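Colleague: Model the following, please.
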Amino acid sequence: MDAAYGVAERAVIIVLDGARLEETFGEGESDAFGGPSSEVLPRINEGLRPLGGVAAPAYVTGTTFTSSAHADLLTGVRQYYANLGASEGYGLRQPDYPTIFEHLRQQRDLQAEQAVLVANTEILGDLTYSHAPGFGSALGGTFRHITEAQDISASARTDAPVLTGLLQSIESLGAIFALGNLHQIDRAGHSNTDYADHVADVDGPVVKFWSDLREAERQGADLPLVVVLADHGRHRFIDHEDPWQDHGCSCSGCREVPLLVLGPGIESGTIASQPYLLEDVTHTLAWLLGVSMPYSTGLALDEFLAGSPELPVRSGEVALAADGDLVAWQGWLPSHSARSHVVVDGEVLGGGVLHVEQPRVLRAESGDFACWRQLDLVVGTEDWPWEARCSRRDGAGDWNDLGLETLELPDGFDAQLEVDDRDRLWVMYLAGDSDGGLEAITPGTVGYHLARWDAVTHAWEYASGLQGGGTFPSHARWHMDGEDTWVAWVASDDQPTMRYSRHLSLYKVRWDTGEDASWVSLRGLYGVNSDNEEIGRLERPALGLAGEDLVVAAVGYSSGGTTLMAATQDAASGEDDEWSELVTLDDSGLVFPHLSPAFSSDGWLYWARQSGSGGVEICRADGGQATPSCRESSYDWIDSLAPADGGTWASLSDGDLIWKKVWVPF
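Modeller: Okay, the predicted model is just below:
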């Protein structure tokens, strides 16, 4: 390991929640401030910027909302995390991947108060630990909610007290890692009450915070590594008198954020020349603090690091997909500007852009099909949406782009592929109507859509999508049988009260001709575990046919951990809405929540869990009902599964950020 590993004893992240580049480190004018961008934060720009490294901008490639972006930042993994509030408690809203709080406490034997999240909002209270097996609340950090002095039930309406709380956590409680969210900036932006003034209000307190740290250093304390950044930006370039009032979409104003890093191990006066992401911040901080984060997908902030040390780089094969002997994966690349590509049977598809990921493949009589999502950041354009790509391999072995046209894609786009009895490719995908991407995609406008490619006409047909299929729908899976198609996905409940409970939604869809597809709601599925405890959250369904039974399975979340649950319907009975209650297939509490269970074509359901020794154990059950059989692997971490006849492909790692495509026979 490089000698610079663990060079920082402490680290602090200050999040200017929802501050645009125009009001922070931009070089132009701020329409919200009514003057040069450099004058909004003059003390930071003149006093702190020269001491560290600056990216103006860094980028958010995931969902540009507060909770979602913080989940990415604190885990080092861009992931699906619904931006729900917490007015009825925090529920089961923890992320699926382990947080930097948990890694620090586990690897450096810290107390809870030494890993702290300080904020003048409650919506981040779920992010101090995860649902990942082997981690959880016992290794979680401390959440400190900064309230009004005269009303402790109300969040503080200014941001300076958050910095005071951060300093107290470091100096009095001995915090090794602390994140402070200055949320009043974002609140003011949404309410349009002097947004730019609230950005300017933190100029003096942030500089004083740094000065206090330097003074403590002179008294013998360790100087922390300090990061100042925004979790997301805000709209620009829209036909609105006050464009900065909202955020949440793929516009450049939402994706571009300021980033300043200063302290031990950081080269002063550095200006970034390559694109850095939120995940890169976590990856670099963890390395400088001397801990590993095996699921981290970031790259090093290498231009900022003194001495040009070499940080470990993730590599190998992840996001596996298979159909029979057709196998695909996402391959990691070391370049900051082109971080991944898709590989099908050893042949690279897609590349040369920032992200190319999440492949899906299907083998049909008319050829092999592959679909994936990709994102590029094109400076000078107003909108940077995720795009869908589909390609077909013809008889000559050549891949040809099919030109799939989609609406605005959420960053969690995950195409599902099927082929009907006329050898037409069906694609189901999540999308929304967001007026060209310059307005935030709201929960009510997101739904599942269908597209169909005909090998005879070489043309696409598009069906009207289903909207209103639940709040924050995600992770759809389907099974096609002749003219009928069954679909399962998960959606949130009680959105107005902002509770995070998720249930299974089951639909039957038929699409004959034209633009109208028939979506019939069958039922929602909720469940209890083997201890008769209500399951408050279900995620990542699998849907498949096992014998005569149609089986739906999902990961269930409860206080006892993560389980695998399943329900069955007799596909031959013709009674679409008669499903069994959910039963528990795996009550270990150690099912990996970031990993979708999946059916093989021969009717086996596969999933993975943490073994008794702390490694990865891969399991399967026949028809979703039999007693599972499990095989322990020789690896500690798992990214994905792709079942095929006789076993499953798995993406596995020893924790060295090197991912290997491994065949696990059964």
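Colleague: Dig out what W329 forms beta bridges with.
Modeller: Beta bridges link W329 to V343 when assigned by DSSP bridges.
Colleague: thought it was touching S340?
Modeller: No. In this structure W329 lies outside contact range of S340 using Cβ atoms under 8 Å: 10.0 Å. Quick note: C-beta positions are derived from backbone N, CA and C, even for glycine.
Colleague: any chance you could map the strands in the stretch 251-400 of the chain?
Modeller: For the stretch 251-400 of the chain, the strands defined by DSSP state E, counting those that start in this stretch occupy 256-262, 270-271, 315-323, 326-332, 340-344, 347-349, 355-364, 367-375, 387-393, 399-401.
Colleague: quick revisit: higher neighbour count, W329 and S340?
Modeller: Of the pair W329 and S340, W329 is the one with more neighbours under other Cβ atoms under 10 Å, namely 28 against 25.
Colleague: Show the contacting residues for the more buried one.
Modeller: Residues near W329 by Cβ atoms under 8 Å, 6 or more residues apart in numbering: 317-321, 342-343, 359, 651, 661.
Colleague: Mind doing that once more with 7 Å?
Modeller: Listed by Cβ atoms under 7 Å, 6 or more residues apart in numbering, the contact set of W329 reads 317-320, 343, 359, 661.
Colleague: Equivalent analysis for W486, please.
Modeller: Contact partners of W486, counting by Cβ under 7 Å, 6+ apart, are 478-479, 508, 543, 550.
Colleague: W460 looks like it's in a helix, true?
Modeller: No. Checked against DSSP: H, G, I helix; E, B strand; the rest coil, W460 lies outside a helix; its state is strand.
Colleague: Per-residue pLDDT of it, please?
Modeller: Here, the pLDDT recorded for W460 equals 95.
Colleague: could the strands of the stretch 251-400 of the chain go into a markdown table alongside mean pLDDT and distance to V15?
Modeller: Shown next, in a markdown table, are those (pLDDT from 0 to 100; distance: least, Cβ to Cβ, whole Å):
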| stretch | mean pLDDT | distance to V15 |
| --- | --- | --- |
| strand 256-262 | 98 | 10 |
| strand 270-271 | 96 | 21 |
| strand 315-323 | 98 | 28 |
| strand 326-332 | 98 | 27 |
| strand 340-344 | 98 | 26 |
| strand 347-349 | 96 | 37 |
| strand 355-364 | 96 | 23 |
| strand 367-375 | 95 | 23 |
| strand 387-393 | 94 | 29 |
| strand 399-401 | 95 | 40 |
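Colleague: Would you mind finding the most buried of those?
Modeller: With neighbours taken as mean count of other Cβ atoms under 10 Å, those reach their highest mean count in strand 256-262, at a mean of 27.
Colleague: can you list contacts of it?
Modeller: Contact partners of strand 256-262, identified using Cβ under 7 Å, 6+ apart, comprise 19, 21, 24-25, 48-49, 51-60, 226-230, 232-233, 276, 301, 304.
Colleague: Neighbouring strands of it in the sheet, and parallel or not?
Modeller: strand 53-59 (antiparallel), strand 225-229 (antiparallel).
Colleague: Packed most tightly, which of the ones you listed would that be?
Modeller: For the strands paired with strand 256-262, the highest mean count by mean count of other Cβ under 10 Å goes to strand 225-229, at a mean of 25.
Colleague: Could I get the average pLDDT for it?
Modeller: Strand 225-229 carries an average pLDDT of 98.
Colleague: ok, now stretch 407-427?
Modeller: 86.
Colleague: please begin residue numbering at 340 from this point
Modeller: That works, and once the first residue is 340, the last one we named lands at stretch 746-766.
Colleague: quick one: contacts for H586?
Modeller: 357, 403, 571-574, 593, 779.
Colleague: now, among the residues you listed, which is nearest to V620?
Modeller: The closest of the contacts of H586 to V620 turns out to be H571 (Cβ to Cβ; 13.7 Å).
Colleague: Thought G357 was touching that closest one, still the case?
Modeller: Yes. The pair H571 / G357 is scored as a contact, 5.9 Å apart, by Cβ atoms under 7 Å.
Colleague: Neighbour count: these two, which is higher?
Modeller: The neighbour count for H571 versus G357, taken as other Cβ under 10 Å, is higher for G357 (32 against 27).
Colleague: my guess is the more buried one is in a helix, correct?
Modeller: No. Applying three-state DSSP, one finds G357 to be coil, outside a helix.
Colleague: who's in contact with it?
Modeller: When contacts are counted by Cβ under 7 Å, 6+ apart, G357 touches 524-525, 528, 569, 571, 573, 586.
Colleague: try V666
Modeller: Contacts of V666 (Cβ under 7 Å, 6+ apart): 684, 981, 988.
Colleague: returning to that earlier point: now the contacts of W668 as JSON lines including distance to S377?
Modeller: Formatted as JSON lines, these follow (distance: Cβ to Cβ, whole Å):
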{"residue": "E656", "distance to S377": "45"}
{"residue": "V657", "distance to S377": "41"}
{"residue": "A658", "distance to S377": "42"}
{"residue": "L659", "distance to S377": "48"}
{"residue": "V682", "distance to S377": "45"}
{"residue": "P698", "distance to S377": "44"}
{"residue": "K1000", "distance to S377": "49"}
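Colleague: Can you report how many residues neighbour A477?
Modeller: Neighbours of A477 (other Cβ under 10 Å): 11.
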